[in-house]
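Visitor: Got a sequence here, can you model it:
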Amino acid sequence: MHLQPTLVPSNLNTWAASALGTMDYGLLQYGLILAWEHAAAHFKRAEETRLKASQLEAQLARAQLQALKMQLHPHFLFNTLHTISELIHADPATAETMIVRLSDFLRLTLDHVGIPEVTLMQEVEFVKRYLEIEKMRFEDRLRVEMELDTPTLYARVPNLVLQPLVENALRHGLARRTRDGLLSIRSTRENGHLTIRVFDNGSNGAGAVEKPGAVTIQEGVGISNTRRRLQQIYGVDHSLEMSHQPGGGFEVMIRVPFRLSPQD
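Guide: Numbering: from 1, shown residues only. Below is the predicted model of the structure:
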């Protein structure tokens with residue numbers, strides 16, 4: 001039986017260096033593959049975390065909006081239904097008109113559930129429906145004026161941002177007047193921002209508490225919630241200010257970035 005001789009490198013050091021070099025290259029490839037897989041997995045986890053955070057933030061915004069609606073509407077609905085019950089026998093025609101307007105208002109409210117932003121035009125339409133009902137309660141004690149610059153009507157605003165300011169003016173200001181109540185809503189575009197002013201010629205506004213020599217403004221639920229919503233949506237790029245006007249009356253002013261919808 002003839003055995004094949006084993007080939008042994010003539011230079012053992014050269015063979016060892018070649019083997020180690022081949023091994024190092026393989027380890028380098030393996031290390032690069034592991035690093036790439038680790039980076040990919042880390043990126044995927046980061047994207048999933050970012051997506052979950054974004055979804056939670058959106059859910060929180062919707063929850064806060066719904067909470068705001070639940071805090072504001074019961075008081076308004078209670079007063080409206082109470083007025084309707086009083087009018088059913090004394091003035092059935094007016095009671096029926098108020099029921100129709102309340103139905104339209106609630107339908108418009110439901111149409112915008114879950115929508116974070118609307119145009120100022122849509123928000124004003126919503127407020128008009130609200131004021132149609134309130135004017136029936138105030139009768140001739142309430143006069144409404146609106147001065148809205150045309151370009152601002154297409155600006156995006158948080159859904160239900162204007163109604164709390166109007167309700168605040170009616171409840172804390174104009175409800176105290178026995179005649180000549182004035183509610184004014186103005187909108188302008190100033191230096192890349194949308195400015196909305198809600199003025200009433202009532203006595204205090206915003207639940208203000210008079211003290212000797214000073215008037216302290218205490219924020220109600222509607223104003224406080226509006227301030228939190230603006231902070232959540234715009235961060236530091238917004239303002240909400242309340243002030244007693246020199247000629248009398250009370251004004252709430254909000255300023256947010258002027259943004260149009262994509263189609264506009």
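Visitor: What mean pLDDT does stretch 175-189 get?
Guide: Averaging pLDDT along stretch 175-189 yields 89.
Visitor: what residues does it touch?
Guide: Contact with stretch 175-189 is made by 120, 124, 127, 131, 138, 140-149, 151-153, 155, 162, 166, 169-170, 174, 194-203, 249, 258, as judged by C-beta atoms under 8 Å, 6 or more residues apart in numbering. C-beta here means a position set from N, CA and C on the backbone, and glycine is covered the same way.
Visitor: list the buried ones in it?
Guide: Of the residues in stretch 175-189, Ala175, Arg177, Gly181, Leu182, Leu183, Ser184, Ile185, Arg186, Ser187, Thr188 count as buried by neighbour count, 16 or more other C-beta atoms under 10 Å.
Visitor: quick one: which of those residues is nearest Leu108?
Guide: Ile185 (17.5 Å; C-beta to C-beta).
Visitor: Could you check how far that closest one is from Val100?
Guide: Using C-beta to C-beta, to the nearest Å, one obtains 24 Å as the distance from Ile185 to Val100.
Visitor: What of Asp180?
Guide: As judged by C-beta to C-beta, Asp180 and Val100 stand 28 Å apart.
Visitor: How about Gly222?
Guide: 26 Å.
Visitor: Look at those two and report which has more neighbours.
Guide: Comparing Gly222 with Val100 by other C-beta atoms under 10 Å, the one with more neighbours is Gly222, at 24 against 11.
Visitor: Surely Leu165 is in a strand?
Guide: No. Going by DSSP: H, G, I helix; E, B strand; the rest coil, the assignment for Leu165 is helix, not a strand.
Visitor: And for it, nearest residue in space, chain neighbours not counted?
Guide: Among residues not flanking Leu165 along the chain, Val198 sits closest, at 4.3 Å (C-beta to C-beta, 6 or more residues apart in numbering).
Visitor: buried stuff in the host helix or strand of that neighbour?
Guide: Taking DSSP states H and E as the criterion, Val198 maps to strand 193-200. For strand 193-200, the neighbour count (16+ other C-beta under 10 Å) marks His193, Leu194, Thr195, Ile196, Arg197, Val198, Phe199, Asp200 as buried.
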